[in-house]
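Novice: sequence plus the predicted model coming up.
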Amino acid sequence: MDWSQSQIPPMRFVARFGDRVVPAFAERPKNIWEMVTSAAARNPDGDALICGERRLRWRDVVPQAAQMSAGFREKGLRRGDRIALLLGNRIEFVLSMLAAAQLGLVTVLLSTRQQKPEIAYVLADCGAKLLLFEAALADRLPDAGEVPDLKHRIAVDDDIALSDLAILADLPPLEEACDVDEEDIAMILYTSGTTGKPKGAMLAHCNIVHSSMVFVSCLQLTEADRSIAAVPLGHVTGVVANITTMIRCAGALIIMPEFKAAEYLKLAARERVTYTVMVPAMYNLCLLQPDFDSYDLSSWRIGGFGGAPMPVATIEKLKATIPGLKLMNCYGATETTSPSTIMPGELTESHIDSVGLPCPGARIVAMDPDGRELPPGGIGELWIQSASVIKGYWNNPKATAESFTSGFWHSGDLGSVDADGFVRVFDRQKDMINRGGLKIYSAEVESVLAGHPAAIIAKACPVLGERVHAVVVTRAPVAGEILRAWCAERLSDYKVPETMAITPEPLPRNANGKVLKRQLRELLGA
């Protein structure tokens, strides 16, 4: 199967990054700023950015971003310079990102969860010249000696007395835009590695434009659509699935400073939200609200999800309460500028074990350890090629060479592609358990334990190499033997967890909602 060509704009092959040839949309904006000015021209009076009591229309976004851009230029910043954002979900995050795009600067995204050593490493590695940061996080900023390239630090806060943002708003808006090329780097997002230091994924303007157009065309988004940004804006899902996708369709982005299910439901009903991309846990938290059925969510038509499987029970309950809502699995990564696959909403229930079809223009293959494509259904490492795949990692040619082959990114995910094109993801290579030569995919065991949040990891064994260990979260008293018996009725004997840790504490997760199995392995001593 493939995406219906009736809803996908024409594509043609283009050369990218020197040695790649990939399909890209024939008619496309050249860069992010061109998308912004196009949105303002098409829908000037439409809502653009909403956060709390603040509302900006599209006609407001361009001059406010251009004013910040003039401030950046006044600070001596020029095309290619890096500015870093240590900001939570707020309108200033979006405006500063767009201002950087107008001036041809590179935006480096930091997470508000990062601590001082992590922040220092990123700022030093990318050579950022300016940092916009939440005033409340000032104590996490590195000392000047650790970040010699950092010349300017600008605090951002709703309280004017604590904010330095006014210094970027004293000049008239910058009229002209830098002539930014498609292949120029727009952003650097640092990916958390399993070992060593994080790598700076370089997202070019063409990557972001392509991914935004994929979302808009596959989901048929228009200027009438309204999205809630409930995930952190400082991650690839927040930036692409939320910010730049809504820019491309000239719709409205409603920004939640922090996700709370009760507040989300109120906001979704009041703002007549039509589209979201969230992790499954967020949908589950919404359903757990005792007054869920009292909210009018009839306008909500697309619910994108990723990062974890969506429980069948969640799909069924959402279908019963919001019949017009299509749930669509969106599988991707920072290195693929968000989406690599999208599941058409009408196929989600019938293909619950799949993450969807390759996005328009994307090619996904399962490769064996020798770099040979496996036949349909064969399980191997998923390699991904598309116009969304990044050029490589900032200042790290070794990691780039190891992770990219002729434009294909080695995902590190073990999966398969069936004869109809549906992609399945079974496990991360590092998370697959090898029990005496028998391979066990943790995702399969976790799906059996879906009634409880659970993580399956390997426990070292001197005889078999590895055995299956489960970490199960439950507040109700339940014996490990009962859970093991449940698994034994549904799994091959060698896949049943041999040891379990039952805890009321939530599993450690990153900002995208993915379980941090590395931390669990460290606690186990595995």
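Specialist: Received, thanks. Numbering: from 1, shown residues only.
Novice: what's around the spatially closest residue to Asn395 that is not a sequence neighbour, how many residues?
Specialist: Of all residues beyond its chain neighbours, the one nearest Asn395 is Asp125 (6.3 Å), with distances taken as CB to CB, 6 or more residues apart in numbering. From N, CA and C alone the C-beta is placed, and that goes for glycine too. Other residues within reach of Asp125 by the criterion other CB atoms under 10 Å amount to 20.
Novice: Asp125 belongs to a helix?
Specialist: Yes - when DSSP: H, G, I helix; E, B strand; the rest coil is applied, Asp125 is found to be in a helix.
Novice: Ala443 is in contact with Val425, isn't it?
Specialist: Yes - shown here, Ala443 and Val425 form a contact pair, counting by CB atoms under 8 Å, at 7.3 Å.
Novice: next, the nearest residue to Cys249 once chain neighbours are set aside: secondary structure please.
Specialist: The shortest distance from Cys249 to any non-neighbouring residue, by CB to CB, 6+ apart, is to Leu221 (4.1 Å). Three states are possible here, and by three-state DSSP the one that applies to Leu221 is coil.
Novice: ok, Leu221 to His351 distance?
Specialist: 22 Å (CB to CB, to the nearest Å).
Novice: Gln385 contacts Phe408, correct?
Specialist: Yes - Gln385 is within contact range of Phe408, at 4.6 Å (criterion: CB under 8 Å).
Novice: between the two, which one's more packed in?
Specialist: Set side by side, Gln385 and Phe408 show unequal neighbour counts under other CB under 10 Å, the larger going to Gln385 at 24 against 20.
Novice: where does pLDDT dip in the stretch 151-300 of the chain?
Specialist: Per-residue confidence of the stretch 151-300 of the chain (counting by pLDDT under 70) places the weak regions at 192-196.
Novice: tell me the contacts of Thr336?
Specialist: 211, 384, 386, 388-390, 409 (CB atoms under 8 Å, 6 or more residues apart in numbering).
Novice: could you tell me how many residues sit around Trp486?
Specialist: When counting by other CB under 10 Å, one arrives at 15 neighbours for Trp486.
Novice: actually Asp164, not the one I typed
Specialist: Applying the criterion other CB under 10 Å, we find 16 residues in the vicinity of Asp164.
Novice: need the contact list for it.
Specialist: Applying CB under 8 Å, 6+ apart, one finds that Asp164 lies in contact with 153-156.
Novice: tabulate these (CSV), appending distance to Ala70, secondary structure and neighbour count.
Specialist: Listed next are the contacts of Asp164 as CSV, based on distance: CB to CB, whole Å; DSSP: H, G, I helix; E, B strand; the rest coil; neighbours: other CB atoms under 10 Å:
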residue, distance to Ala70, secondary structure, neighbour count
Arg153, 19, strand, 16
Ile154, 14, strand, 21
Ala155, 19, strand, 18
Val156, 17, strand, 23
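Novice: between these, which is closest to Lys398?
Specialist: Using CB to CB, Arg153 comes nearest to Lys398 of the contacts of Asp164, at 31.6 Å.
Novice: my guess is the closest one meets Leu131, correct?
Specialist: Yes - contact status for Arg153 versus Leu131: in contact at 5.1 Å, counting by CB under 8 Å.
Novice: mutual contacts of those two, please.
Specialist: Counting by CB under 8 Å, 6+ apart, the residues touching both Arg153 and Leu131 are Leu141.
Novice: for Leu325, list the residues it contacts.
Specialist: Listed by CB under 8 Å, 6+ apart, the contact set of Leu325 reads 297, 300-303, 318-319.
Novice: please apply the same query to Leu347.
Specialist: In this structure, Leu347 makes contact with no residue, judged by CB under 8 Å, 6+ apart.
Novice: can you give me the domain assignment for this structure?
Specialist: With domains defined by automatic domain parsing, the chain comprises 11-423, 432-524.
Novice: relative to Met1, which of these is closest?
Specialist: Judging these by CB to CB, what sits closest to Met1 is domain 11-423, at 5.1 Å.
Novice: gap between the two ends of stretch 224-243?
Specialist: Taking CA to CA, to the nearest Å, stretch 224-243 runs 15 Å from one end to the other.
Novice: which parts of that stretch are buried?
Specialist: Residues of stretch 224-243 classed as buried under the neighbour-count rule (16 or more other CB atoms under 10 Å) are 225-243.
Novice: which residue of this structure lies farthest from its centroid?
Specialist: Checked against the mean C-alpha position of the chain, the extreme residue using CA atoms, centre = their mean is Val463, at a distance of 39.4 Å.
Novice: wait, is it part of a strand?
Specialist: No - the assignment for Val463 is coil, going by three-state DSSP, so no strand is present there.
Novice: quick one, helices of the stretch 301-450 of the chain?
Specialist: Remark: helices assigned in the stretch 301-450 of the chain by DSSP state H, counting those that start in this stretch are 312-321, 397-403, 442-448.
Novice: most packed of those?
Specialist: When neighbours are counted by mean count of other CB atoms under 10 Å, the highest per-stretch mean among those falls to helix 442-448, a mean of 20.
Novice: now it: average pLDDT?
Specialist: Helix 442-448 carries an average pLDDT of 81.
Novice: that helix: how far from the chain's middle?
Specialist: On the basis of CA atoms, centre = their mean, to the nearest Å, helix 442-448 is displaced by 22 Å from the centre of the chain it belongs to.
Novice: show me what that helix is packed up against.
Specialist: For helix 442-448, the packing partners by 3 or more CB pairs under 8 Å, 6 or more residues apart in numbering; DSSP states H and E come out as strand 423-428, strand 454-461, helix 480-488.
Novice: kindly reformat the ones you listed as JSON lines containing distance to Ile32 and mean pLDDT.
Specialist: Formatted as JSON lines, the entries for the helices and strands packed on helix 442-448 read as follows, by distance: least, CB to CB, whole Å; pLDDT from 0 to 100:
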{"stretch": "strand 423-428", "distance to Ile32": "28", "mean pLDDT": "87"}
{"stretch": "strand 454-461", "distance to Ile32": "37", "mean pLDDT": "87"}
{"stretch": "helix 480-488", "distance to Ile32": "48", "mean pLDDT": "86"}
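Novice: okay, these in a markdown table with distance to Pro323 next?
Specialist: Supplementary listing: the helices and strands packed on helix 442-448 in a markdown table, determined by distance: least, CB to CB, whole Å:
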| stretch | distance to Pro323 |
| --- | --- |
| strand 423-428 | 27 |
| strand 454-461 | 30 |
| helix 480-488 | 32 |
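Novice: among the ones you listed, which is nearest Asp60?
Specialist: Where these are weighed against each other on CB to CB, the nearest is strand 423-428, at 40.5 Å.
Novice: and the angle for the closest one with strand 454-461?
Specialist: Regarding strand 423-428 and strand 454-461, their directions subtend 50 degrees when assessed with axes from the mean of the first three to the mean of the last three CA atoms, to 10 degrees.
Novice: and Ala99, helix, strand or coil?
Specialist: Per three-state DSSP, the secondary structure class of Ala99 is helix.
Novice: ok, it - contacts?
Specialist: Ala99 sits next to 65-69, 71-72 when contact means CB under 8 Å, 6+ apart.
Novice: buried set for stretch 458-476?
Specialist: Buried residues in stretch 458-476, defined by neighbour count with 16+ other CB under 10 Å: 458-459, 464, 466-473.
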